[in-house]
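K.L.:
starting from these lines, generate the structure:
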Amino acid sequence: MGAQEGLKPCRAVFDTNVVVSALLFSAGRLAWLREAWRTGRAIPLVSRDTTQELIRVLGYPKFRLTAEDQRTVLADFLPFAEVVALSNAGRLPNCRDPDDVPFLRLAAAAHADALVTGDEDLLALKRRFRIPVLTPEEFRSKWGQ
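P.N.:
Predicted coordinates for the structure are as follows:
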């Protein structure tokens, strides 16, 4: 339980697609994230908006999850997450997709170590955002996951 000895856990915002991929595809390329959360090597940061988005996406018909399945999936994520009450996030870079703003706001307000995403609109902000914006692969490489 907790981070590996001598290593500070990474407090990171994971966008919804990253979380869903890690949770629903146990043999997928992001399955390693579940172990990172469970062992405390990575601490997912969530807000009310990002949690509501995750719940909404898990309800998509294409995933064919029952209400019980959705609760089970969320139970493998939310207990490991740190809930952040959003305060003034300061100046945020302009983002092409307004649906991505809650992730920027959360990362800034929480002083996250990283914002992890595969979303091109967020990745385009790498040089303009004070929080490192990383692909899951970059996150794994940088944080030794």
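K.L.:
tell me which helix or strand the residue nearest to residue 124 when sequence neighbours are not counted sits in.
P.N.:
Nearest non-adjacent residue to residue 124, counting by Cβ to Cβ, 6 or more residues apart in numbering: residue 96, 7.3 Å away. Every C-beta, even on glycine, is put in place using the N, C-alpha and C of the backbone. For residue 96, there is no host helix or strand (DSSP states H and E).
K.L.:
please report phi then psi for residue 96.
P.N.:
The phi and psi torsions at residue 96 (degrees, to the nearest 10) take the values phi -60, psi -30.
K.L.:
again, but for the one 10 residues further on
P.N.:
In this entry, residue 106 is assigned phi and psi values of phi -60, psi -50 (degrees, to the nearest 10).
K.L.:
got the contact list for the closest residue to it other than its chain neighbours?
P.N.:
In space, and not counting its chain neighbours, residue 106 is closest to residue 47: 4.6 Å by Cβ to Cβ, 6+ apart. By Cβ atoms under 8 Å, 6 or more residues apart in numbering, residue 47 lies in contact with 83-86, 102, 105-106, 109.
K.L.:
and the residues you listed, which is the shakiest by pLDDT?
P.N.:
Within the set of these, pLDDT is lowest for residue 86 (82).
K.L.:
tell me which other helices or strands the helix-or-strand element of the chain with minimal mean pLDDT touches.
P.N.:
Lowest on mean pLDDT, DSSP states H and E among the helices and strands of the chain sits helix 136-143, with a mean of 90. On a contact count with 3 or more Cβ pairs under 8 Å, 6 or more residues apart in numbering; DSSP states H and E, helix 136-143 meets strand 10-14, strand 114-116.
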